[in-house]
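Student: I'll drop the sequence and a predicted model, then ask my questions.
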There are 2 protein chains.
Amino acid sequence: MTLDLEDIARLAGVSRSTVSRVLNNRPDVKESTRQRVLKIIEQHNYHPNNLARALVTQRTRILSLVIPQPIVDVFTEPYNPIVIQGVTVEASQSDYAVMLWMGSSTEEEQRFCDRILSNDQFDGLIMISSLADDPIVKRLAQAHFPFLLLGPPPVEGINFINTDNFGGAREAVLHLIDLDWQRIGMITGPETLLAARDRLAGYYDAMQAAGRLIDPALVVEGGYGEAAGYQAMLTLIDRGADAVFVSSDVMALGALRAAQDSGRRVPDDLGIVGFDDIPSAATSSPALTTVHQPIQDLGGVATRTLINILDGSLEEPHQEILPTELIVRETCGASRKGSQH
Amino acid sequence: MTLDLEDIARLAGVSRSTVSRVLNNRPDVKESTRQRVLKIIEQHNYHPNNLARALVTQRTRILSLVIPQPIVDVFTEPYNPIVIQGVTVEASQSDYAVMLWMGSSTEEEQRFCDRILSNDQFDGLIMISSLADDPIVKRLAQAHFPFLLLGPPPVEGINFINTDNFGGAREAVLHLIDLDWQRIGMITGPETLLAARDRLAGYYDAMQAAGRLIDPALVVEGGYGEAAGYQAMLTLIDRGADAVFVSSDVMALGALRAAQDSGRRVPDDLGIVGFDDIPSAATSSPALTTVHQPIQDLGGVATRTLINILDGSLEEPHQEILPTELIVRETCGASRKGSQH
DNA sequence: ATCGCTCCCGGGAACGATCCCGAAAATTGA
DNA sequence: TCAATTTTCGGGATCGTTCCCGGGAGCGAT
C-alpha cells in the first residue's frame, strides 16, 4: 500500500539513489529531474520511512525528556508542564520529536536507563535535574551519551541549563533585609533537591553579607506542596520569625494561609517572599512577592542547546545560567515599609 | 562497537534465527540452548535494535500523546500534567514509549498530522479532545489510524475515554438546588471546548429537572484562568446571582476571590461549586465544594485501552465514561444550611 | 531398515532507506 | 573532432532485525 522509494523512482523514471538525493536535497542532481521527482512525490503524497532512514543513518531525530521520580512528586506544580511545553515546541521547530519518560519508581528508572544505553531509539536527552548523586547521570556520563541537565549540575563537566537559584534567593532575602525585617526565616524545599539547596545557600549568603546572625531554628525543611508550607509556617511563627523566604510559591501560598489562619496580618506583622512566580502568586491576597524564573524559556533553550550539541556545532560541556528577577508585590511589605518613610 | 544479533549467535554457537527466537521467547528452541544464548546475551549486555526490529515488524511500540492548541492554553491547570503522568506510567508498564506533541499553532498541527499519516514512527495515539470540529480527528478517522480520544467525542463511532462532565455538573447544580439557593448562575468554560459544553448542559438539565426557571443572564462565559473567573463572578454578582456553579476549579477560585473582594461572605451570602477537584480546592478558605474527576486514572485507562486496541484484544469503537464524585466542602453552604434544620 | 512425525535449527529474503563507487552523459578546451 | 573534466545518475552493499521455508536429528512404529 504505502509507497516505496523505489516506486517513486520507477514513476519518475529515475533510480532509487536519485530520489534519495532529491529527498535529502543534495546538490548533485539536475534541476529538471529534481523537479520531476518532486512532482511525483507530491502527487503521491510520499513520505520517507523514518525507521529505515534512522537504521542506516544512526540518527532518529528523536530526543527524549526524562523527569525523574523526585520531580514527578512535585509534578502538579506548574513548573514542569511549562518546561515540557518549551521543549516540545522548540523541538518540533527543528523537526525533532520528543519522547517523554517519567520515573514512577527507581526500579523503573533502571529499566529506562538500560533502554537509553541500548543506543538506538533517540539521539540525545534532556533530564530535569534533581538529586545530588543521581545514578542515571553517572551512567549517562560514563557511557558518553549526549545529554543535558535542566537544573543544577550534580557533578562537574556536564552540560546544563539552570536558573540562578542562588542569586535569586539571595536577592529575595536581601530584599527582606532591606525592608528591615528582623527575624528572617526560611522554609526550604526537600534537602535532596539540588535547586532547594542552592536557594538555601542563597539565603545564607544574603544573611551573612548583611551581617545578620543566622538562627538555625528559623530554617525549617518544608518539603513540597501547599500543606508542607502551611505546617512549616506554623513552626516558624512559633519560633518567632517575623519574615520568611519560602523555597517555592506553592509552599509560600501555604505559608500565607497558615499566617492568616493564626491571626497574623501579612505583610503588616509578617513578610513573605516566594520563588517561581507561578500564576496564582499574582492573584493571592495579598499578592505574593516572589522570584521570577524564566521557566518558559528554560525548556526551549535546553532543547536548542542539545540539538546544537548533537549537530556538533557546540562544544561541550555547555553550561548556562539564566537570570531570575525579583517581582515585588505585597507580601514582602515593600509598600508598607516604603510608606513609612 | 555495539553487538549484533549475529555476533551473539556466533558467540553462542548458534544461528541468528535461534537468537531471535530466544529474544522473542518463542517455544521452538531447546531449553539448554535457550539458556546458553541467554547467558551470552546477559554477559555482553546485548539489547536488540528497536529500529531494525520495528522496520520489519511494522510496530514501534511507541505511542504518542497529542495535546492540541486549545488545551495547551489551559496547560498550567493541573489537569494535563496528571494525565500525562498517567499515560507515561501505564505505557512503560507495557513496555511502550510515549511521544509527546503539543500544538503551538494550527499550522504546526497540520505538519504533525502529516507526520502521523506517514504511518511509521508510532503505533497509535491518544489525543486530548477539545474542539467540536477538530480537523485532526477527522483526518485520523478517515485514514483509519488507531487512536483514542481523552475527553468528549466530537463525532460518532470513535474510541474515547471521558469523564462524566454532564452528570457531574448536573449533580453539582442539583446539590445547590437542594441547599435551597434561589438564583443559581453558572460560569462556563470556553464555548469551543466540548467538556465545557457538557458541563453547561448538565447545568441546564439540573435546573429543568428541578423546575427552575433559567435566566440566560445568569450564565456567563468565563473562558479559563483565575482572572476570567474573577471577572465573570463580578458580573454575576451584579446580576443578582446568589449561587454559582463554575466550570473549573481554577475559575472557581477566582470567583471566590471576586466574591470576597466585593464584600460577599461565602457561603453565607453566596454559594460556589467548582469542577475538577484540583489540589488547591481543598486548601482555599473557605474550602471549595467541587466535582472530583479521576484525572489520575484517566490517562492510565486511556493508555491501557489503546494498547488493547492495538493488540486487537478489544473491539472498536471502545467508549467509556468514568464517573465523577461530588466533594462537599464549605463553599456550597452545606454546613450552614444543614444546621438551619 | 525404512517411514513418518515432531522437535530444533540454519540460511536466504525482506523491511526501506543511505552510502559508496563507478559509469554514462554533458560540458569544456585545444 | 576528440580527449579531459565535470556533472549527473545507477546499482550493489549495508543497517539489524524478523519471517519463511526447508532440512537434519531423534524417536517410535511398521
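Tutor: Nice, I can see it. Numbers count the residues shown, from 1 in each chain, chains lettered A, B, ... in the order given.
Student: near chain B, which residues of the stretch 201-341 of chain A?
Tutor: A:225-227, A:230, A:253-254, A:257, A:260-261, A:278-280, A:283, A:285 (Cβ under 8 Å from any Cβ of the partner chain). The way it works is simple: take the backbone N, C-alpha and C, and place the C-beta from them, glycine included.
Student: what does the stretch 1-150 of chain A give?
Tutor: A:2, A:47, A:49-52, A:54-55, A:60, A:62, A:65, A:72, A:75-76, A:78, A:80-82, A:84-85, A:88-89, A:92, A:97-102, A:104, A:108, A:111-112, A:114-115, A:117-121.
Student: how far does the one helix or strand A:Cys113 maps to sit from the chain's center?
Tutor: Remark: A:Cys113 resides in helix A:106-117, with elements defined by DSSP states H and E. Between the centre of helix A:106-117 and the centre of its chain there are 21 Å (Cα atoms, centre = their mean, to the nearest Å).
Student: A:Ser285 falls within a strand, correct?
Tutor: No: counting by DSSP: H, G, I helix; E, B strand; the rest coil, A:Ser285 falls outside a strand, being coil.
Student: from what I see, it and B:Leu256 are in contact.
Tutor: No: assessed by Cβ atoms under 8 Å, A:Ser285 is found out of contact with B:Leu256, at 10.6 Å.
Student: tell me which of the two has more neighbours.
Tutor: B:Leu256 (27 against 13; other Cβ atoms under 10 Å in any protein chain shown).
Student: for that one, what are its contacts?
Tutor: Contact partners of B:Leu256, counting by Cβ atoms under 8 Å, 6 or more residues apart in numbering or on different chains, are B:233, B:266, B:272, B:284, B:286, B:288, B:331.
Student: for the third one, grab the count of nearby residues.
Tutor: Looking back up the chat, that one is B:Ile272. 29.
Student: dig out what the residue nearest to A:Thr192 when sequence neighbours are not counted forms beta bridges with.
Tutor: Excluding the flanking residues, the one nearest A:Thr192 by Cβ to Cβ, 6 or more residues apart in numbering or on different chains is A:Leu131, at 5.5 Å. Bridge pairing for A:Leu131 (DSSP bridges) gives the partners A:Leu193.
Student: what of A:Val246?
Tutor: Here A:Val246, judged by DSSP bridges, has bridge partners A:Ile187.
Student: where's it relative to B:Ser129, distance?
Tutor: When distance is defined by Cβ to Cβ, to the nearest Å, A:Val246 is 37 Å away from B:Ser129.
Student: returning to what we had before: for the residues of the stretch 201-341 of chain A next to chain B, work out which two are farthest apart.
Tutor: A:Asp261 and A:Pro279 (23.0 Å; Cβ to Cβ).
Student: that older thread, in strands, which of the residues of the stretch 201-341 of chain A next to chain B appear?
Tutor: Judged by DSSP state E, the subset of these located in strands is empty.
Student: quick one: these as TSV, columns for pLDDT and distance to DNA strand C too.
Tutor: Below are those laid out as TSV (pLDDT from 0 to 100; distance: Cβ to the nearest atom of the strand, whole Å):
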residue	pLDDT	distance to DNA strand C
A:Gly225	86	49
A:Glu226	86	51
A:Ala227	88	54
A:Tyr230	95	57
A:Leu253	93	52
A:Gly254	93	54
A:Arg257	91	58
A:Gln260	93	63
A:Asp261	91	64
A:Ile278	88	44
A:Pro279	84	44
A:Ser280	84	48
A:Thr283	85	51
A:Ser285	86	59
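Student: just those residues that are near DNA strand D?
Tutor: Filtering these for proximity to DNA strand D by Cβ under 7 Å from any atom of the strand leaves nothing.
Student: would you map the strands across chain A?
Tutor: Counting by DSSP E, the strands of chain A are A:62-67, A:97-102, A:124-128, A:147-150, A:160-163, A:184-188, A:219-221, A:243-246, A:271-276, A:289-292, A:319-322, A:325-327.
Student: pull the fourth one out as PDB, backbone CA atoms only.
Tutor: As requested, C-alpha coordinates have been extracted for strand A:147-150 and formatted as PDB (Å, rounded to 0.1, in the frame of the first residue of the first chain):
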ATOM      1  CA  PHE A 147      22.600  14.600  27.300                       C
ATOM      2  CA  LEU A 148      21.900  17.900  29.100                       C
ATOM      3  CA  LEU A 149      20.600  18.600  32.500                       C
ATOM      4  CA  LEU A 150      17.800  21.100  33.200                       C
END
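Student: pairing partners for that strand, with directions?
Tutor: Going by DSSP bridges, the partners of strand A:147-150 are strand A:124-128 (parallel), strand A:160-163 (parallel).
Student: residues touching that strand, excluding its own?
Tutor: By Cβ under 8 Å, 6+ apart, the surrounding residues in contact with strand A:147-150 are A:83, A:124-129, A:137, A:140, A:158-162, A:298-299, A:302, A:305-306, A:309, A:318.
Student: select only the buried ones of those in ChimeraX?
Tutor: Per 16 or more other Cβ atoms under 10 Å in any protein chain shown, the buried members of those correspond to this ChimeraX selection:
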select /A:83,124,125,126,127,128,129,137,140,158,159,160,161,162,298,299,302,305,306,309
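Student: can you list the buried residues in stretch A:178-198?
Tutor: A:179, A:181, A:183-190, A:193-198.
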